[in-house]
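Peer 1: Below: sequence and its predicted model.
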Amino acid sequence: MGYKITVIPGDGIGPEIVREAVKVLDAAGEKYGFRLDYTEVLMGGASIDVHGVPLTDEVIAQAKASDAVLMGSIGGDAATSPWYQLEPSKRPEAGLLKIRKELNLFANLRPAYLYSELKAACPLRSDIIGGGFDMMIMRELTGGLYFGERCTTEENGVRKAKDTLTYDENEIRRIAKRGFDIARKRRKKVTSVDKANVLDSSRLWRAVVEDVAKDYPDVELEHMLVDNCAMQLVRDPKQFDVILTENMFGDILSDEASMVTGSIGMLSSASLNETKFGLYEPSHGSAPDIAGKDLANPIATILSAAMMLRFSLDLDKAADAIEAAVKQVLTEGYRTGDIYSEGCKKVGTVEMGSLIAERV
Ligand code: NAD
Ligand code: IPM
Ligand code: MN
């Protein structure tokens, strides 16, 4: 079987980590008898340098014509990169938001899971970690503050900026349904996170989620205010199963959750629409501070590639094999710098990718 995969290496560490994910995918293809045909395209800063814009129509068309998209990360250092001299709509991040919107990728799944091997890399005390934790952050990805009207003006010499947060009930309902469907296959608990004590959009969110919950009597629903959730994630992360939340809160909480798994270099993600199609990328950014140094942890991207096999291509056995291979290298004590602890074997990006590919 052959599948068409659009590959977006992106900027910074993007090309390095995607190369390792492709290496692991090819090892899985060899073992499980499938072929992936990759088409590499430019996005973010890499596209600006060539085309003057962060995302071209050709790339959108290419992505739409493929079975799935595998992505690294985009963006640069805002203080030093010339990309940030451009107007906001032409910067690298605008390309990422546009492809999410154009492909209708409203459901962003970010699994935060503590490998027992990484307890020493987790900044929490062992009595808090206990037997570990395993949560799925379901982040709404095509609405809210990211896509609301915004403007910067000046009145009587005073600069003013405005961003707006809008959700309609249909946008909330579809992500809520996805969250409950996923909870049903897990530990059957949804924590819906909002700021309903202040925001109208959150009060609507809460009402619609309550409504959707009626179709899932077997799933427990609780509501939590976002500031409390940020605190609970470090106080007792094992209380969470599925965290269901809007775009901006999900962005912030997923970075926080990643750190308790040991490193943001471990947090994979899948961005899905109503079909089997998806875009798969790590939750972290282009890490300009470590780019080109063979220091980046490729595991988040490799685990995202496994999600691609599972969700978009129905290659569950191959996905299982990749996940098992990741676990095995950790058990054998191999660590990139971000998850290193005393007594382990420190390896770079390329070696980590090769070790995982060999064990698939
Ligand atoms: P970042 O996630 O790139 O980096 C934050 C910190 O985590 C850095 O110290 C970095 O070295 C480290 N880190 C990140 N990934 C790592 C990995 N795989 N292995 C080891 N260490 C890793 O966030 P930032 O510095 O705030 O943003 C840098 C750029 O990335 C910005 O331009 C931002 O807009 C962009 N960004 C892109 C995406 C994406 O493409 N989806 C996501 C987040 C940020
Ligand atoms: C992420 C990133 C993006 C976001 C940025 C780069 C626009 O932080 O994927 O988490 O905020 O969604
Ligand atoms: Mn983010």
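Peer 2: Received, thanks. Ligands and ions are numbered 1, 2, ... in the order given.
Peer 1: and the chain, which residues reach ligand 1?
Peer 2: 73-76, 93, 96, 264-265, 281, 284-290, 296-297, 300, 338 (CB under 6 Å from any ligand atom). (Each C-beta comes from the backbone N, C-alpha and C, glycine too.)
Peer 1: In ChimeraX, select just the buried ones from these.
Peer 2: Only the buried members of the residues of the chain next to ligand 1 enter the following ChimeraX selection, criterion being 16 or more other CB atoms under 10 Å:
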select :73,74,75,76,93,96,264,265,281,284,285,286,287,288,290,296,297,300,338
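Peer 1: For Ala213, list the residues it contacts.
Peer 2: Listed by CB atoms under 8 Å, 6 or more residues apart in numbering, the contact set of Ala213 reads Ala176, Phe180, Val190, Val219, Leu221.
Peer 1: Which two among these are spaced furthest apart?
Peer 2: With CB to CB as the measure, no two of the contacts of Ala213 lie farther apart than Ala176 and Val219, at 10.9 Å.
Peer 1: Of the two, which one has the most company?
Peer 2: Ala176 (26 against 21; other CB atoms under 10 Å).
Peer 1: looking at this, the more buried one is in a helix?
Peer 2: Yes - applying DSSP: H, G, I helix; E, B strand; the rest coil, one finds Ala176 inside a helix.
Peer 1: Surely it touches Val209?
Peer 2: Yes - judged on CB atoms under 8 Å, Ala176 makes contact with Val209 at a distance of 4.8 Å.
Peer 1: which residues do those two both contact?
Peer 2: Common neighbours of Ala176 and Val209 (CB under 8 Å, 6+ apart) are Ser192, Leu244.
Peer 1: domain parsing for this structure?
Peer 2: Using automatic domain parsing, the domain parsing of the chain gives 1-108+266-360, 123-260.
Peer 1: distance of Ile252 from ligand 1?
Peer 2: Computed as CB to the nearest ligand atom, to the nearest Å, the Ile252 to ligand 1 distance reads 11 Å.
Peer 1: I misspoke; the intended subject was Ala318.
Peer 2: Separation of Ala318 from ligand 1 (CB to the nearest ligand atom) stands at 23 Å.
Peer 1: And the pLDDT at that residue?
Peer 2: pLDDT, the model's per-residue confidence, is 98 for Ala318.
Peer 1: same deal with the one 4 residues further on?
Peer 2: Looking at Ile322, its pLDDT is 98.
Peer 1: now do Met1
Peer 2: For Met1, the model assigns a pLDDT of 79.
Peer 1: Distance check, it against Leu25.
Peer 2: 13 Å (CB to CB, to the nearest Å).
Peer 1: the more surrounded of the two?
Peer 2: Leu25 (26 against 11).
Peer 1: got the contact list for the nearest residue to Ile8 once chain neighbours are set aside?
Peer 2: Excluding the flanking residues, the one nearest Ile8 by CB to CB, 6 or more residues apart in numbering is Met71, at 4.2 Å. Contacts for Met71 were tallied using CB under 8 Å, 6+ apart; they are Val7, Ile8, Gly10, Gly14, Val18, Met43, Leu279, Tyr280, Glu281.
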